[in-house]
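Participant: No letters, just coordinates:
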């Protein structure tokens, strides 16, 4: 099945599997062979298996501070609370103590997301049943307001690293796929372009990392401005950061790729379809500043995800001694063909076959 942007749902899974390597584990392997009607069911299947796997390893626990009136001392004494109890002739102590608990933000996000998917009419009964089974073990975990989650505040360490993929799936569900119904309930809407772009960018980078390991570099790198040596630091801070989506290097050759996922890849000017001028200026700026010595060894590429437009860009130019290409990746094809397109990009620029 495909979504409303013409992308195979199965390809979204493959993209997720590259973006988050944990999806290549054996516990997820049956998902690759399953047909999904929509992305909600895909996410429900991933979460049910992911949470089941996490339950085997144990839910992440953190120390949280509790205040409680107790007959015996625990932790440290809350003086004000204890005095208040004495005034009320209560023979109990007000104590403050730390307790290792599963009721933390990571498990709260999981439970909140599962509850919403279980109530979503588009999620199939078998996926709902799987989600209900795993959520039974979340009795002590609270449900939270999905719109109040600070996603940028989530941090991952060795003891909660397994949650990173699960949190990203929850983010896709909760951040961009919710709207409130007239009855005050939540339901999922379509997978947004913003979230698809984020996934598309990460997928392309991770694909090159995995299948083109001969590359000297494969990362999201920053390009430094080619400034005069005597430029004052106080002035440099006013310049915007040039953050590339994908920076590939093999020895002296480099390729900067800027991924684009738009509803429309072309703009109309005077009844003529042209590339988005801002995109061309951006990639050209990255390339020329990276190739400060004007060697011509740095190339740039705008890599668009194909839409349903009749005209799809596929062209190449030499600008100021550097090659600037525009390519379109068709996500509505068998994944083997998508992989072949990416392999050809690397082969054309670096002369290496996988």
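Facilitator: Cool, got the structure. For clarity, every value in this text was computed on a predicted model and none was experimentally measured.
Participant: going forward, measure contacts between C-alpha atoms and count neighbours the same way
Facilitator: OK.
Participant: Show the low-confidence segments of the protein, by residue range.
Facilitator: Within the chain, the ranges that satisfy pLDDT under 70 run 1-7, 176-193, 263-268, 307-311, 352-354.
Participant: farthest residue from the center of it?
Facilitator: Farthest-out residue of the chain from its mean C-alpha position, per CA atoms, centre = their mean: residue 89, at 55.5 Å.
Participant: so residue 144 sits right up against residue 112, yeah?
Facilitator: Yes. With contact defined as CA atoms under 8 Å, residue 144 counts as touching residue 112 (6.3 Å).
Participant: higher neighbour count, those two?
Facilitator: For residue 144 versus residue 112, neighbours defined as other CA atoms under 10 Å are more numerous around residue 112 (19 against 15).
Participant: What is the neighbour count of residue 152?
Facilitator: Neighbour tally, residue 152, other CA under 10 Å: 6.
Participant: Going forward, count from 45.
Facilitator: Understood, numbering begins at 45; the last thing we discussed is residue 196.
Participant: Now do the same for it: helix, strand or coil?
Facilitator: Secondary structure, DSSP: H, G, I helix; E, B strand; the rest coil: residue 196 is helix.
Participant: Then the one 5 residues further on?
Facilitator: The three-state assignment at residue 201 reads coil, by three-state DSSP.
Participant: and what of residue 324?
Facilitator: State at residue 324, reduced to three classes by three-state DSSP: helix.
Participant: Enumerate every residue touching residue 68.
Facilitator: The contact partners of residue 68, taken as CA atoms under 8 Å, 6 or more residues apart in numbering, are residue 61.
Participant: Count residues in the vicinity of residue 122, would you?
Facilitator: Number of residues near residue 122 (other CA under 10 Å) recorded here: 16.
Participant: Am I right that it is in contact with residue 136?
Facilitator: No. In this structure, residue 122 is not within contact of residue 136 by CA under 8 Å, at 11.4 Å.
Participant: Quickly list what's touching both of the two.
Facilitator: Listed contacts common to residue 122 and residue 136 are nil; contacts here mean CA under 8 Å, 6+ apart.
Participant: After the strand or helix carrying residue 58, which helix or strand is next?
Facilitator: Taking DSSP states H and E as the criterion, residue 58 maps to helix 53-63. Downstream of helix 53-63, the first helix or strand assigned by DSSP H and E is helix 83-101.
Participant: What segments of the stretch 145-294 of the chain are strands?
Facilitator: Taking DSSP state E, counting those that start in this stretch, the strands of the stretch 145-294 of the chain run over residues 222-224, 230-232, 261-263, 266-267, 286-287, 290-294.
Participant: Check which helices and strands the fifth one sits against.
Facilitator: Of the remaining helices and strands, those touching strand 286-287 by 3 or more CA pairs under 8 Å, 6 or more residues apart in numbering; DSSP states H and E are strand 266-267.
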